[in-house]
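Student: Model the following, please.
(one chain, ligands or ions: 1)
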Amino acid sequence: MIDGKAIASELRDRISSAVAVLKEDHGLIPGLAVVIVGEDAASQVYVRNKTRQTREAGMNSYEYKLPEDTSEGELLGEIDRLNNDSNVNGILVQLPLPEHIDESAIIAAISPEKDVDGFHAVNSGRLMIGENGALVPCTPQGCVILAKRHLGSDLSGKHVVVIGRSNIVGKPVAMLLLQENCTVTITHSKTRKLEEICKEADIVIAAVGRAKMVKADWIKPGATVIDVGINRTTNSDGRAKLVGDVDFEEAVEVAGGITPVPGGVGPMTIACLLRNTFKATCHQNNISGIDV
Ligand code: GUN
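Tutor: Residues are numbered from 1 along each chain as shown. As a prediction, this is how the structure comes out:
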């Protein structure tokens, strides 16, 4: 079992120490602005956790809760204000947005240097060409850290099968792993013989959003399984339950290492968001040499 909760907690401790050094030596406190539009229940929980953990790490957190009927223009105005606020080093607009707002227009409006989600085209481009200084999406960073904690820091030559091709996880995690010298196969809903391809993988990254889709017989014995899925289902007794994209009870018998849901990738995502906020703050102030 790969304990994401414990690994994320260690990372947050390192970030807290780095934040203390930044404050002591440079008089700077990183600030993260989180913007949420509307009442999506899952998003509210995520945002609450982000705010709490930002403060626990010694950073400033600014939360903007906008009503469901906020117009695209109003949201763009808010982002413009945050882009120009020097107390704000990172900006995160919680997704999904209400349907009347164009998500890509919003992401494009965030200053790339404050884009701690790493979703802006400038940051995806930097990641793709392997340029230093890219703000890299948080969940993919978390996946790579977990894989390395289980397999050691050298992933070169490993065959990774990524299931899912989203801009948030599938595509960026594939780019990160390519940089780690992995052989990367990206699969998706139109992939033929997905099971067979998956069974070739040394590392499986499941990021499709379909509950328990990946079964034990898709997994090569001893393979490392990183489960990004967070699917809300109901138990046989009618209670709400979170499950991943991997059938954990089955897969745990075959895998060499596997992340649970919850307690795997989820906590890593927020820890990496704090890391990005810290890095963005250093970059914006031309400070180097404090590593996290
Ligand atoms: N919604 C689900 N995951 C994410 C994320 O990583 N960032 C943002 N902004 N919204 C999300």
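Student: quick one: contacts for Ala33?
Tutor: 62-64, 82, 85, 88, 90-92 (C-beta atoms under 8 Å, 6 or more residues apart in numbering). C-beta here means a position set from N, CA and C on the backbone, and glycine is covered the same way.
Student: count of neighbours near Asn123?
Tutor: Asn123 has 25 neighbours, counted by other C-beta atoms under 10 Å.
Student: Unless I misread the structure, it falls within a helix.
Tutor: Yes: according to DSSP: H, G, I helix; E, B strand; the rest coil, Asn123 belongs to a helix.
Student: In contact with the residue lying closest to it once chain neighbours are set aside: list those residues for me.
Tutor: Leaving aside its chain neighbours, Asn123 sits nearest to Leu135 (4.8 Å; criterion: C-beta to C-beta, 6 or more residues apart in numbering). Applying C-beta under 8 Å, 6+ apart, we find Leu135 in contact with 112-113, 115-118, 120, 123, 126, 276, 279-280.
Student: Close to the ligand: what parts of this protein are there?
Tutor: 92-95, 117, 138-139, 168, 269 (C-beta under 6 Å from any ligand atom).
Student: Now the stretch 51-200 of the chain against the ligand: closest residue?
Tutor: The nearest approach of the stretch 51-200 of the chain to the ligand comes at Leu95, 3.6 Å away (C-beta to the nearest ligand atom).
Student: rewinding a little: for the residue nearest to Asn123, give its distance to Ile287.
Tutor: As judged by C-beta to C-beta, to the nearest Å, Leu135 and Ile287 stand 16 Å apart.
Student: cool, Arg14 as well?
Tutor: Relative to Ile287, Arg14 is positioned 17 Å away (C-beta to C-beta).
Student: any idea of the pLDDT on the residue of the chain most remote from its centre?
Tutor: Largest separation from the mean C-alpha position in the chain: Asp237, at 31.7 Å (C-alpha atoms, centre = their mean). You'll see Asp237 listed with a pLDDT of 92.
Student: This completes my enquiry, with thanks.
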